[in-house]
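Undergrad: just need the structure, nothing else, for what follows:
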Amino acid sequence: MPVGSVTRGTTNTNRLRRVDRWIAEQAAFRRAAEPLVVDLGYGASGVTAFELAARLRRVRPDVAVLGLEIDPTRVRAAEAQLDAV
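TA: Here you go, the predicted structure:
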């Protein structure tokens, strides 16, 4: 059982695009042997994690992106979104 509090889930398309691009520009990310990036608490939709993966894969096609969310309902919604992609 998850421990923590569910946030309000303010997730919108392109909301974190500047942060995604900033990560992609960092030398540590570009030279990482096995890059792993975590979207912690992606919110009401998995869109931020999906967009993050797409943007980072332009620079590092081998990046692993892990979206973590405490709310099981949101997890199921994101899984359905991912299945539709």
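Undergrad: which parts of stretch 25-42 are buried?
TA: Residues of stretch 25-42 classed as buried: 29, 35, 37, 39, 41-42 (neighbour count, 16 or more other Cβ atoms under 10 Å). In this view, the C-beta of every residue, glycine as well, is placed from N, C-alpha and C.
Undergrad: count the neighbours of D83 for me.
TA: Burial of D83 is recorded as 7 neighbouring residues (other Cβ atoms under 10 Å).
Undergrad: give me the nearest residue to the residue nearest the centre of the chain, chain neighbours excluded.
TA: When Cα atoms, centre = their mean is applied to the chain, the residue found nearest the centroid is A49 (2.2 Å). Nearest non-adjacent residue to A49, counting by Cβ to Cβ, 6 or more residues apart in numbering: G67, 3.3 Å away.
Undergrad: what number of residues lie near the one you found?
TA: Using other Cβ under 10 Å, G67 has 23 neighbouring residues.
Undergrad: who's in contact with the strand or helix carrying it?
TA: Element membership for G67 (DSSP states H and E) is strand 64-68. By Cβ atoms under 8 Å, 6 or more residues apart in numbering, the residues outside strand 64-68 that reach it are 34-42, 46, 48-49, 52-53, 56, 78.
Undergrad: that older thread, ok, the residue nearest to the centre of the chain to T11 distance?
TA: For A49, the distance to T11 equals 9 Å [Cβ to Cβ, to the nearest Å].
Undergrad: and L68, by the same measure?
TA: Counting by Cβ to Cβ, the separation of L68 from T11 is 14 Å.
Undergrad: give me the common contacts of these two.
TA: Both L68 and T11 are in contact with Y42, where contact means Cβ under 8 Å, 6+ apart.
Undergrad: higher neighbour count, the two?
TA: Taking other Cβ under 10 Å, L68 and T11 do not tie; T11 has more neighbours (20 against 12).
Undergrad: helix/strand/coil for the more buried one?
TA: Under DSSP: H, G, I helix; E, B strand; the rest coil, T11 falls in the coil class.
Undergrad: okay then, goodbye and thanks.
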